[in-house]
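Colleague: here is the input, now give the coordinates:
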Amino acid sequence: MKKELFFNDITISKEEKASADKYLFFKGVAKHLEIKELLLSLERDDQLTYAEIASTYRYDKLIRNVLFRFISFIEEFYRAAIQDNFSMLSPKALESLKKCKNKIGDMESIDFECLDFRKLLELIKGLPNKLREKYVFGSTERIAANFTAISELRNAVMHNKFLLLTRLGKCYIKDIPSSNLQANVKNLINYLPSSVKKKCTDEINLCHKPPKNESDFRWALAAQLLIVL
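Modeller: Now for the predicted structure:
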């Protein structure tokens with residue numbers, strides 16, 4: 001795909017052009033064109049600038065970096081919960097773990113590291129109510145849909161997808177269904193322990209600030225795209 005298509009109808013300085021050529025090569029012309037179209041779809045009174053496109057790209061990456069850490073946290077937390085309460089799993093849940101059995105000498109054990117994120121969520125949902133309340137901090141009324149949305153968000157983050165352009169799962173925030181990025185971030189935060197919720201919220205809210213190590217373009221984010229928690 002020719003990069004001239006990207007440069008059409010945008011304002012860009014000579015200094016930014018050198019940076020743009022590099023990022024178009026490494027990150028792809030097609031992806032930058034998708035971001036350009038996203039920004040052009042927003043209501044605006046002036047010509048689109050390269051700074052807006054570059055800032056949107058970096059902003060999405062900053063959000064992904066934050067989400068990666070907190071999704072990793074909840075994955076490790078739930079794996080530990082299942083391992084520590086293994087004896088409380090239902091016979092059906094235990095039966096489903098047969099494929100994760102390791103034989104060590106004459107003893108069989110469960111390799112908890114082989115449990116993928118979706119399976120961990122399924123096992124957490126299946127814990128006895130009293131025990132589940134100890135580990136599930138968000139609403140249990142919509143837990144099936146909300147856990148599915150968290151799993152889809154996790155896959156998007158782990159596969160380094162551009163979140164502002166990704167179709168995410170439907171989750172429920174105060175019983176209101178939504179599949180946008182802001183709702184999915186809130187949904188994840190709702191299931192984090194209280195001591196961790198604020199840290200994740202604060203870090204997401206800081207993603208709109210210009211990175212200290214970025215100096216090859218002017219930071220310019222469209223207000224309509226900001227995730228504000």
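
Colleague: low-scoring stretches of this protein, by residue?
Modeller: 1, 98-108, 214-216 (pLDDT under 70).

Colleague: put the alpha carbons of the strand or helix carrying residue 199 into PDB.
Modeller: Per DSSP states H and E, residue 199 falls inside helix 194-206. The C-alpha trace of helix 194-206 is given here as PDB (Å, rounded to 0.1, in the frame of the first residue of the first chain):
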ATOM      1  CA  SER A 194     -10.100  -2.600  46.000                       C
ATOM      2  CA  SER A 195      -6.400  -2.000  46.700                       C
ATOM      3  CA  VAL A 196      -5.700  -2.400  42.900                       C
ATOM      4  CA  LYS A 197      -8.700  -0.700  41.400                       C
ATOM      5  CA  LYS A 198      -7.500   2.800  42.200                       C
ATOM      6  CA  LYS A 199      -4.000   2.100  40.800                       C
ATOM      7  CA  CYS A 200      -5.400   0.800  37.500                       C
ATOM      8  CA  THR A 201      -7.900   3.700  37.300                       C
ATOM      9  CA  ASP A 202      -5.200   6.300  37.900                       C
ATOM     10  CA  GLU A 203      -2.800   4.800  35.400                       C
ATOM     11  CA  ILE A 204      -5.500   4.700  32.600                       C
ATOM     12  CA  ASN A 205      -6.400   8.300  33.300                       C
ATOM     13  CA  LEU A 206      -2.800   9.300  33.000                       C
END
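
Colleague: from the chain's centroid, how far away is it?
Modeller: Chain-centre distance of helix 194-206: 14 Å, with C-alpha atoms, centre = their mean, to the nearest Å.

Colleague: excluding covalently adjacent residues, which one is nearest to residue 119?
Modeller: Excluding its sequence neighbours, the residue lying closest to residue 119 (C-beta to C-beta, 6 or more residues apart in numbering) is residue 96, at 7.9 Å. C-beta: built from backbone N, CA, C; applies to glycine.
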